[in-house]
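> Below is the sequence, then the predicted model.
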Amino acid sequence: MLVCAKCSKKVGGGFGEKGKTPLAKALKKYLGARKGRKSPIGILEVRCLGVCPGGAVTVVDGNNPRQWLLVRPGTDIDEVAGLLAEAPAPTG
């Protein structure tokens, strides 16, 4: 999963219990991601994905790279994880 660091910086966190945690860090904690190749899930914060939505963070799920998510600050991490799990696998 790729999370845009530039978008995260622009919205100033907005996730987690206190609403100050960046999306990538909140997802890592929620999904139990660890460092290294033995982690069950990979969450990478990348420089810029080039979409630059106003007031949201861009996320690309590696299982469905054609569908990008724009996540607004304050969105519950349960909901974000659910959207990523529900994303249909690409066909063809």
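Yep, that arrived. Numbering: from 1, shown residues only.

> and Glu79, that one's in a helix?
Yes. According to DSSP: H, G, I helix; E, B strand; the rest coil, Glu79 belongs to a helix.

> Find me the pLDDT at it, would you?
Each residue has a pLDDT score; the one for Glu79 is 92.

> likewise Ile41?
Reported pLDDT at Ile41 in the predicted model: 86.

> report the longest strand in this structure, please.
Of all the segments of type strand in the chain, defined by DSSP state E, the longest one is strand 64-71.

> now for that strand, which elements pack on it?
Packing contacts for strand 64-71, counted by 3 or more Cβ pairs under 8 Å, 6 or more residues apart in numbering; DSSP states H and E, involve strand 57-61, helix 77-86. For every residue, glycine as well, the C-beta is placed using N, CA and C.

> quick one: contacts for Val20?
Just to correct that, residue 20 is Lys rather than Val. For Lys20, the contacting residues are 12-14, by Cβ atoms under 8 Å, 6 or more residues apart in numbering.

> Which strands or helices does the worst-scoring helix or strand of the chain on mean pLDDT pack on?
Ranked by mean pLDDT, DSSP states H and E, the weakest helix or strand in the chain is helix 77-86, scoring a mean of 85. When contacts are defined as 3+ Cβ pairs under 8 Å, 6+ apart, helix 77-86 packs onto helix 23-31, strand 57-61, strand 64-71.

> Now do the last one, average pLDDT.
The average of the pLDDT scores along strand 64-71 is 91.

> just the angle between that strand and strand 57-61, please?
In this structure, strand 64-71 runs at an angle of 160 degrees to strand 57-61, with axes from the mean of the first three to the mean of the last three Cα atoms, to 10 degrees as the basis.

> can you pick the most crowded of the contacts of Lys20?
Of all these, Gly14 has the most neighbours under the rule other Cβ atoms under 10 Å, reaching 20 neighbours.

> That'll do, ta.
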